[in-house]
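1. the sequence and its predicted three-dimensional model are supplied below.
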Amino acid sequence: MKTSPLSPELLHKMDAYWRAANYLSVGQIYLYDNPLLKKPLELAHVKPIVVGHWGTTPGQNFIYVHLNRVIKRYDLDMFYIAGPGHGGPALVANTYLEGTYSEIYPNVSQDEVGLQRLFKQFSFPGGISSHVAPTTPGSIHEGGELGYSLSHAFGAAFDNPGLIVACVVGDGEAETGPLATAWQSTKFLNPATDGAVLPILHLNGYKISNPTVLARIEHEELDQFIRGCGWAPYFVEGDDPAEMPPSSWRLPWRRLSKKSSRSSATLGTMPTPPGPLADDRAPLAQGLDGTESGRRATGRGHLPVPPGSSAGGLGAPRPCRPTRSLDAQLPAGRALRRGWPAHR
């Protein structure tokens with residue numbers, strides 16, 4: 001049986017935060033009204049035109065809460081860049097869940113009225129973009145099919161010793177020229193003066209119109225490709241939410257924390273950068289009724305954001321604001337659940 005370094009209480013609270021973020025995300029994509037599902041769901045409550053990808057969202061929320069845990073645990077100076085397109089719901093959901101969104105946009109308040117506005121505005125006339133646009137708190141990278149996420153991550157790490165940039169790469173954008181070239185940017189990092197880049201390759205299996213190459217090749221070939229680009233990969237896969245946190249994140253966080261504290265000797269002797277994480281299986285998501293409803297991927301955006309009270313008092317990484325929880329407002333049993341790949 002797999003054992004976890006995390007307490008059951010912390011795992012439970014992190015899972016609750018993840019599910020709350022998933023509910024807020026799926027509500028943005030699909031719901032026009034009835035945000036807490038207090039009434040039976042009707043066609044009039046659902047947006048007639050859906051823009052944005054649910055598949056990219058649960059994985060992004062999963063990464064988000066777990067990176068917040070390690071930021072707090074190891075006192076890391078880290079932020080998050082999310083590359084896959086149409087992943088806006090996840091980052092908007094997390095900034096709303098933490099309270100930052102309502103601080104900047106008071107009309108999107110943390111109550112039922114504000115929640116309805118949050119859901120309606122997403123990819124809606126006069127509302128907000130399906131990408132993490134400049135209007136999203138903390139956004140420095142809009143992401144999408146252009147494939148610049150990893151380049152932006154390296155740019156942020158240059159001349160910023162102590163900074164770790166976690167960069168989620170979608171398998172659609174991974175096929176673009178800029179992203180394929182950006183894997184080689186490790187050649188330009190100076191361990192004595194620059195920060196670290198942690199790419200997270202999220203293999204959802206599909207790009208905007210058809211299957212992706214990296215999601216279809218054999219595991220061994222993917223491993224060889226990543227190593228050939230100069231990275232040490234850690235594979236994460238699975239389909240059981242209860243098993244994912246204990247088993248999937250046995251990663252070199254201590255080594256990363258040493259990088260952030262600028263131990264030049266440690267950095268200078270590392271044969272390869274830590275990462276990327278690679279998820280080469282795409283578990284099914286579950287819908288509001290508990291049925292399997294789709295495949296998932298990752299997202300786009302920024303970090304850090306403190307889960308705070310809704311994630312078990314994980315704390316507020318510098319320089320974020322205090323959290324205000326939505327747990328009491330979310331309908332019990334209706335938050336979406338989804339699996340994330342377990343460590344190979």
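-> Looks like it arrived, so ask away. Numbers count the residues shown, from 1 in each chain.
2. ramachandran angles for Pro233?
-> phi -80, psi 150 (degrees, to the nearest 10).
3. please apply the same query to the one 4 residues further on.
-> With angles defined as degrees, to the nearest 10, Glu237 shows backbone torsions of phi -160, psi 160.
4. so what's it bridging to?
-> Ala342 (DSSP bridges).
5. show me what the host helix or strand of Pro178 is packed up against.
-> Following DSSP states H and E, one finds Pro178 within helix 177-182. Using 3 or more CB pairs under 8 Å, 6 or more residues apart in numbering; DSSP states H and E, the elements in contact with helix 177-182 are helix 149-157. C-beta: built from backbone N, CA, C; applies to glycine.
6. state the mean pLDDT of the helix it packs on.
-> Per-residue pLDDT over helix 149-157 has a mean of 93.
7. show me what it is packed up against.
-> strand 77-82, strand 163-170, helix 177-182, strand 196-202.
8. just want the angle from the first one to helix 149-157.
-> Inter-element angle recorded for strand 77-82 and helix 149-157: 160 degrees (by axes from the mean of the first three to the mean of the last three CA atoms, to 10 degrees).
9. same check, this time on the second one
-> Orientation note: strand 163-170 sits at an angle of 170 degrees relative to helix 149-157 (the same axes, to 10 degrees).
10. picking up where we left off before, turn the helices and strands packed on helix 149-157 into TSV, columns for mean neighbour count, distance to Asn94 and mean pLDDT.
-> Below are those laid out as TSV (neighbours: other CB atoms under 10 Å; distance: least, CB to CB, whole Å; pLDDT from 0 to 100):
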stretch	mean neighbour count	distance to Asn94	mean pLDDT
strand 77-82	26	10	89
strand 163-170	28	13	91
helix 177-182	16	24	93
strand 196-202	28	16	91
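11. can I get the ones you listed in a markdown table including distance to Gly88?
-> Listed next are the helices and strands packed on helix 149-157 as a markdown table, based on distance: least, CB to CB, whole Å:
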| stretch | distance to Gly88 |
| --- | --- |
| strand 77-82 | 9 |
| strand 163-170 | 13 |
| helix 177-182 | 19 |
| strand 196-202 | 16 |
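12. show me where this structure has its helices.
-> All helices of the chain, identified by DSSP state H, fall at 8-30, 57-74, 88-98, 100-104, 112-121, 149-157, 177-182, 219-228, 244-248, 253-260, 264-268.
13. now the first one: average pLDDT?
-> Okay, so that is helix 8-30. According to the model, helix 8-30 has a mean pLDDT of 93.
14. show me which positions of that helix end up buried.
-> By neighbour count on 16 or more other CB atoms under 10 Å, the buried set for helix 8-30 is 10-11, 13-30.
15. and stretch 84-103, by the same measure?
-> 84-102.
16. again with stretch 102-119
-> 102, 105, 108, 110, 114-116, 118-119.
17. pLDDT weak spots in the chain?
-> Within the chain, the segments meeting pLDDT under 70 span 1-5, 143-145, 245-344.
18. ok, how many other residues are close to Ser7?
-> 10 (other CB atoms under 10 Å).
19. who's in contact with it?
-> By CB atoms under 8 Å, 6 or more residues apart in numbering, the contact set of Ser7 is empty.
20. report the separation between it and Ala21.
-> 21 Å (CB to CB, to the nearest Å).
21. same deal with Leu6?
-> 18 Å.
22. am I right that Cys167 is in contact with Leu201?
-> No: judged on CB atoms under 8 Å, Cys167 makes no contact with Leu201 at a distance of 9.4 Å.
23. how about Ser139, nearest residue that isn't a chain neighbour?
-> Val132 (4.7 Å; CB to CB, 6 or more residues apart in numbering).
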